[in-house]
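**Student:** generate a structure from the sequence data that follows.
(chains A and B)
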Amino acid sequence: MKSGLALVAVGFLILVASVGWWLAGRPSVESGDAAAVEELLTPSTTVPAPAPPSPITSSEPPDRPSSGAPEATPLPRFTVADQAAGDDREPVALRIPAIAVEAPIIQVGVEPDGDMEVPRNVTDVGWYEHGPAPGEPGSAVLAAHVDLARQGPGVFFNLRSLEPGDVIHVAFSDGTTEAYRAVARTIYDKADLPTEAIFSRDGPPILTLITCGGGFNRSVGSYDSNVVVYAVPSADRSPVS
Amino acid sequence: MRKAMLTLVALMLMAAPATAFAQSSDGTVTVVHGVPDLTVDVYVNDALTLEDFEYGTVTDPLTLPAADYDIAIRAANADPASDPVLSQMVTLPAGANATIEANLDGAGAPKISVWVNDISTIATGEGRVTVRHTAAAPNVDILANDGALFSDVPNGAEGVADVPAGDYNVKVTAAGDASTVVTEVPALTIPEGTNVIVYAIGDLTGGSFQLAVQSIGGLHTPPAGVPSGTGGDLGTGIPLWLFALVAAAAMTIAAGGAKLARQRG
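**Tutor:** Sure, this is the predicted structure:
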């Protein structure tokens, strides 16, 4: 009687202890304050949608009174900008010593279904060419596969272990290099990816690295989440507390 | 003609929701100069707001409170009290993005045109091209990469289309006659999320015909997602030792249970 009960108790003890040990030791994908970065990239002027405007109308001017016109508030003046030549500086290579990444950057756009295009080659990193380049206002997006069915692990396989403080180097087509410092790492359900913030073209310059992660659905061959690392120009004081 | 244009403008405004560009009580105004051989000063509500404005130039957009504005155009450095060359009252509604253009009508007489720019959001990966015929010239066709984009456009009319972002060879030809090319832009860049507005201005027979370009950015839609893994190499996340321990625990519990059952029986 006693030995049977003891065996059952020991069995449960092993079960609880091992699962608990595993859960406690499992590295969290969350690190740093990703929500603060999202906030920086989200336009603060989320004004309520204005009422539909009434049409512009025009009419012949009334007789212009030479004086006694209503007091005009001072109007801002129009300006004519110099036609600045487009800045063709593009990112061409990525180096992240902390996770042994050294990869070429290619320009990518949009898939027919509206998703961001990600390089077909598992060793390439894609820069979303319609958004800002690294260092420009807003979020510069670099995406790469965590893995591909026929090619194995990809260049961002270890993105989930990049830590806040780690340095990221981006080389540009004009021969210059800029350093960035990771400030946050997080994981989003794909359905909850904050695309407005991640693809923002306003706000402080943020470098955003994206790959897949989370659970893998073998029947459809895709992951259910995105692992995202946010970085800032390393010369900046952290905008994220 | 003007009535028709204003009706069109009204319809477009209904269709074009205002974006977060302007505060809800403001509108946005850009000025385009399309009257050749005339450098002007532009007065708004009797105040000089733009000096020595030259043919073919486009101002930066200016945010103004929604209100009625008295627009007057005089030759550069003309007496502010003199009769203007052109003048018009313009009502700027809240949230609207408008362009005020001085241009020639089909017969070559100067006029003021008020355009409402389409600032509705654009699908991911696309840009918008707007073409406005405001030159003293016959009807035209607009071709993009040698395909018809807009056909038989008369003075005072416009065409608007969303197209995949990229560079386009754009030709302006006589309506129905692709061999008579009025002007050609070898590579007009339509950036993603941007409305590129091309004005045909000047006088075709007088040799002053040219194009002016205004761009309104920030109309983009972000991609829906980032599909970046198909391999499953990250695994289930459950290590082998955990499987082994859980199996051991199950066997221990089973053994204990069997012993209990035997002792009861």
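**Student:** residues touching A:P76, list them.
**Tutor:** Listed by C-beta atoms under 8 Å, 6 or more residues apart in numbering or on different chains, the contact partners of A:P76 are B:49, B:62-64. Glycine gets a C-beta too; all of them are placed from N, C-alpha and C.
**Student:** in strands only, show me these.
**Tutor:** Using DSSP state E, the members of these that fall in strands are B:49, B:62-64.
**Student:** quick check on those: which are buried?
**Tutor:** Judged by neighbour count, with 16 or more other C-beta atoms under 10 Å in any protein chain shown as the criterion, the buried members of these are B:49, B:62, B:64.
**Student:** can you list those residues in CSV and add pLDDT and distance to chain A?
**Tutor:** Written out in CSV, the entries for those read as follows (pLDDT from 0 to 100; distance: C-beta to the nearest C-beta, whole Å):
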residue, pLDDT, distance to chain A
B:T49, 93, 5
B:L62, 92, 5
B:L64, 92, 7
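**Student:** let me know the closest of those to A:P97.
**Tutor:** Taking C-beta to C-beta as the measure, B:L62 is the one of these closest to A:P97, at 48.0 Å.
**Student:** looks like A:V155 contacts A:H145 (just checking).
**Tutor:** Yes: taking contact to mean C-beta atoms under 8 Å, the distance of 7.4 Å between A:V155 and A:H145 places them in contact.
**Student:** looking at these two now, which is surrounded by more residues?
**Tutor:** Comparing A:V155 with A:H145 by neighbour count (other C-beta atoms under 10 Å in any protein chain shown), the higher total belongs to A:H145, at 28 against 25.
**Student:** report the contact partners of that one.
**Tutor:** With contacts defined as C-beta under 8 Å, 6+ apart, A:H145 is in contact with A:118-119, A:122, A:151, A:154-156, A:211-212, B:228-231.
**Student:** picking up where we left off before, determine which two of the ones in strands among the contacts of A:P76 are furthest apart.
**Tutor:** When the ones in strands among the contacts of A:P76 are compared pair by pair using C-beta to C-beta, the two farthest from each other are B:T49 and B:T63, 13.1 Å apart.
**Student:** circling back: which one of the contacts of A:H145 is nearest to B:V90?
**Tutor:** When the contacts of A:H145 are ranked by distance to B:V90 (C-beta to C-beta), A:V118 comes first, at 47.5 Å.
**Student:** hang on, that closest one in a strand?
**Tutor:** No: for A:V118, which was evaluated using DSSP: H, G, I helix; E, B strand; the rest coil, the result is coil, with no strand membership.
**Student:** correct me if wrong: it contacts A:A144.
**Tutor:** Yes: in terms of C-beta under 8 Å, A:V118 counts as a neighbour of A:A144; the distance is 6.8 Å.
**Student:** which neighbours do the two share?
**Tutor:** Contact criterion C-beta under 8 Å, 6+ apart; residues shared by A:V118 and A:A144: A:126, B:228.
**Student:** where in chain A is pLDDT low?
**Tutor:** Scanning chain A for pLDDT under 70 picks out the ranges A:1, A:25-27, A:43-73, A:82-87, A:236-241.
**Student:** quick one: the strands in it, in order.
**Tutor:** Counting by DSSP E, chain A has these strands, from start to end: A:31-32, A:58-59, A:91-96, A:101-108, A:125-128, A:139-143, A:147-148, A:152-153, A:167-172, A:177-189, A:206-217, A:222-233.
**Student:** before we move on, the earlier item: let me have the buried ones among the ones in strands among the contacts of A:P76 in CSV, adding distance to B:E184 as columns.
**Tutor:** Rendered in CSV, the data for those read as follows (distance: C-beta to C-beta, whole Å):
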residue, distance to B:E184
B:T49, 35
B:L62, 32
B:L64, 36
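**Student:** which of these lies closest to B:A98?
**Tutor:** Using C-beta to C-beta, B:L64 comes nearest to B:A98 of these, at 9.5 Å.
**Student:** point out the residues in the stretch 101-250 of chain B that sit beside chain A.
**Tutor:** With C-beta under 8 Å from any C-beta of the partner chain as the criterion, the stretch 101-250 of chain B meets chain A at residues B:112, B:114, B:116, B:123-125, B:165, B:189, B:191-193, B:217-218, B:220, B:222-239, B:241-242, B:245-246, B:248-250.
**Student:** now, which of the residues you listed lie within strands?
**Tutor:** Using DSSP E, B:112, B:114, B:116, B:189 are the members of those that sit in strands.
**Student:** of these, buried ones?
**Tutor:** Judged by neighbour count, with 16+ other C-beta under 10 Å as the criterion, the buried members of these are B:112, B:114, B:116.
**Student:** so what's the closest residue to A:F216 other than its chain neighbours up against?
**Tutor:** Nearest residue to A:F216, sequence neighbours excluded (C-beta to C-beta, 6 or more residues apart in numbering or on different chains): B:G232, at 4.1 Å. For B:G232, the set of contacting residues under the criterion of C-beta under 8 Å, 6+ apart consists of A:147, A:149, A:216, A:218, A:221, A:223.
**Student:** report the two of these separated the most.
**Tutor:** Distances among these were taken as C-beta to C-beta; the most separated pair is A:D147 and A:R218, at 13.1 Å.
**Student:** comparing those two, which residue is more hemmed in?
**Tutor:** Here A:D147 and A:R218 are set side by side on neighbour count (other C-beta under 10 Å), and the busier one is A:D147, at 23 against 8.
**Student:** was I right to think that one contacts B:G231?
**Tutor:** Yes: taking contact to mean C-beta under 8 Å, the distance of 3.1 Å between A:D147 and B:G231 places them in contact.
**Student:** quickly list what B:P164 is bridged to.
**Tutor:** Applying DSSP bridges to B:P164 yields these beta-bridge partners: B:E126.
**Student:** burial count for it?
**Tutor:** If you count neighbours by other C-beta under 10 Å, B:P164 ends up with 13.
**Student:** from B:T124, how far off is it?
**Tutor:** Here B:P164 is placed at a distance of 11 Å from B:T124 (C-beta to C-beta, to the nearest Å).
**Student:** with A:E111 instead?
**Tutor:** Counting by C-beta to C-beta, the gap from A:E111 to B:T124 is 9 Å.
**Student:** can you name the residues that contact the most centrally placed residue in chain B?
**Tutor:** Closest to where the C-alpha atoms of chain B average out (C-alpha atoms, centre = their mean) is B:N195, at 1.9 Å. Counting by C-beta under 8 Å, 6+ apart, B:N195 makes contact with B:117-119, B:122, B:127-130, B:215-216, B:219.
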